[in-house]
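Participant: Turn this into a structure:
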Amino acid sequence: MPANIKTINDLQLYMNGVLERASHHANGVKIVFYALVGFVMHKAESDSIIVRTESGDMKNVVKARINDKPYFFGFVHDDSPGGGFIEIRENNSRGDVLVSKIDNDTSLQDLENIFSNL
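Facilitator: Below is the predicted model of the structure:
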């Protein structure tokens, strides 16, 4: 069952889980994750941030509505030294890929450009 991010506590719980998992196998997104969360929080419509859960635990998948359109943010595991990257898709996990790779090499300017086009 998905969980809505409605409070700072919800957000902190989600972020702590993602950062803990990133420390083990996804260091390549650990730093950019902070900025990405900030952009999502700034741009998302009220009560539209939904996190996928499994057995009550929040996972690395978020759906948010920005400018009246749903976007899917998900972590993709790979064999790179960083362990993977984040991608943005339209609508859901099977939607068209809009941004194919966000990782620690993604600049704040790049993120601003990405979000200004959503």
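Participant: Low-confidence ranges, the protein, go.
Facilitator: 25 (pLDDT under 70).
Participant: secondary structure class for the residue nearest in space to the middle of the chain?
Facilitator: Centroid-nearest residue in the chain, with CA atoms, centre = their mean: residue 73, separated by 4.3 Å. Assigned by DSSP: H, G, I helix; E, B strand; the rest coil, the conformation of residue 73 is strand.
Participant: surely it meets residue 59?
Facilitator: No. Residue 73 is beyond contact range of residue 59, at 11.4 Å (criterion: CB atoms under 8 Å). Bear in mind the C-beta positions are built from the backbone N, C-alpha and C, glycine included.
Participant: what are the ranges of the helices in this protein?
Facilitator: With DSSP state H as the definition, the chain shows helices at residue ranges 8-25, 30-43, 108-116.
Participant: any chance of those helices in CSV, plus distance to residue 95?
Facilitator: Below are the helices of the chain laid out as CSV (distance: least, CB to CB, whole Å):
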stretch, distance to residue 95
helix 8-25, 21
helix 30-43, 16
helix 108-116, 16
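Participant: So for residue 80, which of those sits nearest?
Facilitator: Residue 80 lies closest, by CB to CB, to one member of the helices of the chain: helix 8-25, at 11.2 Å.
Participant: and that closest one, which residues are buried?
Facilitator: Residues of helix 8-25 classed as buried: 11, 13-14, 18, 21-22 (neighbour count, 16 or more other CB atoms under 10 Å).
Participant: who are the neighbours in contact with residue 76?
Facilitator: By CB atoms under 8 Å, 6 or more residues apart in numbering, the contact list for residue 76 reads 84-87.
Participant: Okay, and which of those map to strands?
Facilitator: 84-87 (DSSP state E).
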